[in-house]
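> Build the 3D model from these lines:
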Amino acid sequence: MGMIYYGGSATPIHIEDRTLAHLKVVIATKLRRSESFTVSWQHPDDHPQGRTTLWLHPSIPLRFVFDEPEAPPLSREWIEELANSANSSGGITLVSHHFETEDEEPAS
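Predicted coordinates:
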C-alpha cells in the first residue's frame, strides 16, 4: 500500500501502489505545467463513511511513497483516463476499478 503525504500533514493518504503509480504520472505532469486540479475518492469500508477531495497545487509539498521497490507496469489507457478527468471541472475521481490488486493483469 503506497502513501501520499500532502501539504504539512503528517498523516498519509493510503493508495494501492499500482493506482498510486498511475496517479503520480498524471499529478506530476499537471503540476509540472503549473496546473491545479482536484483528486477525489470515497472512503474505504474500513474508514468512516464519506469522501475526500484534495486541491492539488504546484506550491504545496507532495511526496509519494511506495511499498514495492520496483515500479509496476503502467497502462497508457488508464493514464489517459486519469489525465482527461484531471482536465475536467470535476477533477480526478478515483473509483473502485482504480483500486485493483497488484495480482491482476494491467489493462493495456
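
> quick one: Arg51 and Gln42 touch, right?
Yes - assessed by CB atoms under 8 Å, Arg51 is found in contact with Gln42 at 4.8 Å. C-betas here are computed from N, CA, C, even on glycine.

> Which one of these two is surrounded by more residues?
Taking other CB atoms under 10 Å, Arg51 and Gln42 do not tie; Gln42 has more neighbours (14 against 9).

> quick one, what contacts the more buried one?
Neighbouring residues of Gln42 by CB atoms under 8 Å, 6 or more residues apart in numbering: 50-51.

> Of all the residues in stretch 36-50, which ones are buried?
For stretch 36-50, a neighbour-count test (16 or more other CB atoms under 10 Å) marks 37-39, 41 as buried.

> Which of the residues you listed sits closest to His14?
Trp41 (10.8 Å; CB to CB).

> do you know how far the residue lying closest to the closest one once chain neighbours are set aside is from Glu80?
Spatial nearest neighbour of Trp41, excluding adjacent residues (CB to CB, 6 or more residues apart in numbering): Leu94 at 4.1 Å. Separation of Leu94 from Glu80 (CB to CB, to the nearest Å) stands at 15 Å.

> Compare the two (neighbour count), which wins?
Using other CB under 10 Å, the more surrounded residue of Leu94 and Glu80 is Leu94, with 18 against 11.

> hang on, isn't that one packed against Thr38?
No - counting by CB under 8 Å, Leu94 stays clear of Thr38, with 11.1 Å between them.

> Neighbouring strands - and their directions - for the helix or strand of the chain with the lowest mean pLDDT?
The helix or strand of the chain with the poorest confidence is strand 13-15; it has a mean of 87 (mean pLDDT, DSSP states H and E). Strand pairing for strand 13-15, using DSSP bridges, gives strand 2-6 (antiparallel).
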